[in-house]
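Visitor: give me the fold of what follows.
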Amino acid sequence: MITFYKNTENGLAVLPEPVENCWVNVVDPTPEEQARLVDMGIPLDYILYPLDLDERARTEREDGDLLIIMRIPLFQGKEADIPYITIPLGIILTAKYIVTVCRNNNQIFHDLISGRIRNLSTGKRYRFVLRLLLAVATMYLNYLREITKAVDALEDQLQLSTRNKEVYGLLRYQKSLTYFTTALKSNELMVERLQRSRLFNQYPEDEDLLDDVITENQQAIEMTNITSNILSGMMDAFASIISNNLNTVMKFLASVTIIVNLPAVFASFYGMNVKLPFMSSPWAFWIILAVSMTITFGVGYVFAKRDWM
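Guide: Residues are numbered from 1 along each chain as shown. The predicted structure is shown next:
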């Protein structure tokens with residue numbers, strides 16, 4: 001899908017055809033759409049690179065066209081095997097257009113189109129790219145906060161759990177953090193390369209924006225490392241807690257089994273065809289019952305005092 005946008009007084013407006021200094025948003029293009037982009041002067045390789053889900057973050061420049069590939073976060077749903085992953089986003093700067101290419105529609109595009117990202121101008125191409133890079137770094141931080149909340153909710157469930165379901169939930173978020181760590185480090189190298197190129201340092205405001213991008217990206221890296229370390233420690237701790245909870249349940253069941261079986265032991269003695277005490281007494285049943293109940297309650301009291309139940 002190809003959509004064209006350009007700034008107006010009311011924000012971004014959709015255009016039927018591309019014009020100079022417009023934003024061309026490309027999501028999972030068909031071969032026909034790829035051919036149309038090539039006719040607009042956009043190199044085919046620059047279109048195909050971001051569609052490879054394993055493409056790393058990097059920059060490339062050829063014949064005046066600049067390609068920036070960065071890894072952006074994507075939320076797949078809480079029930080997904082990996083709730084948060086990263087995918088490549090390509091930003092292509094040509095003489096006429098700003099082109100973004102991505103395999104999936106994502107929250108970044110939604111924020112750009114809805115106007116949540118302010119001071120966005122398609123006429124200022126480098127500043128547009130910096131705003132986009134800053135939005136990506138901010139999105140990582142937002143998703144990391146959501147992961148922290150989800151982990152806190154699982155922590156409350158784990159304290160009384162004897163199952164592995166909650167630990168598997170932590171493992172899913174651990175996988176997401178692994179994706180984030182790899183992507184953020186490659187994004188950091190890419191942004192540092194842009195800083196050295198001096199392309200985005202022509203105006204003081206652009207230079208400040210680039211510094212903000214670097215700061216936000218470093219903050220996201222640190223937050224990811226901290227969250228990952230905490231999560232790893234929690235998984236180890238809660239694996240032990242689940243084992244202890246299971247041992248407590250087994251200890252309780254074993255204690256109950258012993259107590260319940262004590263009257264049966266006394267009753268089984270008097271099922272034998274031999275002479276036994278009180279067998280001729282009319283009070284035999286009540287005597288045996290009283291003795292067995294006394295011993296049963298005594299054992300139960302001892303177990304309770306020692307916290308075995």
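Visitor: now do the SS call for Val101.
Guide: With DSSP: H, G, I helix; E, B strand; the rest coil as the basis, the three-state label of Val101 is strand.
Visitor: how much space between Leu171 and Ile68?
Guide: 33 Å (CB to CB, to the nearest Å). The C-beta positions use only the backbone N, C-alpha and C, and glycine is treated the same way.
Visitor: so those two - more neighbours on which side?
Guide: Ile68 (25 against 14; other CB atoms under 10 Å).
Visitor: secondary structure class of the more buried one, three-state.
Guide: At Ile68 the chain is in strand, as set by three-state DSSP.
Visitor: quick check: bridge partners of it?
Guide: Thr59, Ile91 (DSSP bridges).
Visitor: I figured it hits Leu194, correct?
Guide: Yes: using CB atoms under 8 Å as the test, Ile68 is close enough to Leu194 to be in contact (7.2 Å).
Visitor: which neighbours do the two share?
Guide: Taking CB atoms under 8 Å, 6 or more residues apart in numbering as the contact rule, the neighbours common to Ile68 and Leu194 are Thr59.
Visitor: Pro277 should be in a helix, yeah?
Guide: No: counting by three-state DSSP, Pro277 is not found in a helix; it is coil.
Visitor: what's the local residue count around it?
Guide: When neighbours are defined as other CB under 10 Å, Pro277 has 11 of them.
Visitor: and it, how close does it get to Arg198?
Guide: Relative to Arg198, and taking CB to CB, Pro277 is found at 104 Å.
Visitor: what's the answer for Glu62, then?
Guide: Glu62 is 18 Å from Arg198, by CB to CB.
Visitor: what of Asn21?
Guide: On the measure of CB to CB, Asn21 and Arg198 end up 22 Å apart.
Visitor: now swap in Tyr173 and tell me
Guide: Per CB to CB, Tyr173 is found 39 Å from Arg198.
Visitor: these two: who's more crowded?
Guide: Using other CB under 10 Å as the criterion, Tyr173 and Arg198 rank with Tyr173 on top: 23 against 9.
Visitor: ok, now which ones touch the more buried one?
Guide: Neighbouring residues of Tyr173 by CB under 8 Å, 6+ apart: 83-84, 147, 150-151, 231.
Visitor: out of these, which end up buried?
Guide: 83-84, 147, 150-151, 231 (16 or more other CB atoms under 10 Å).
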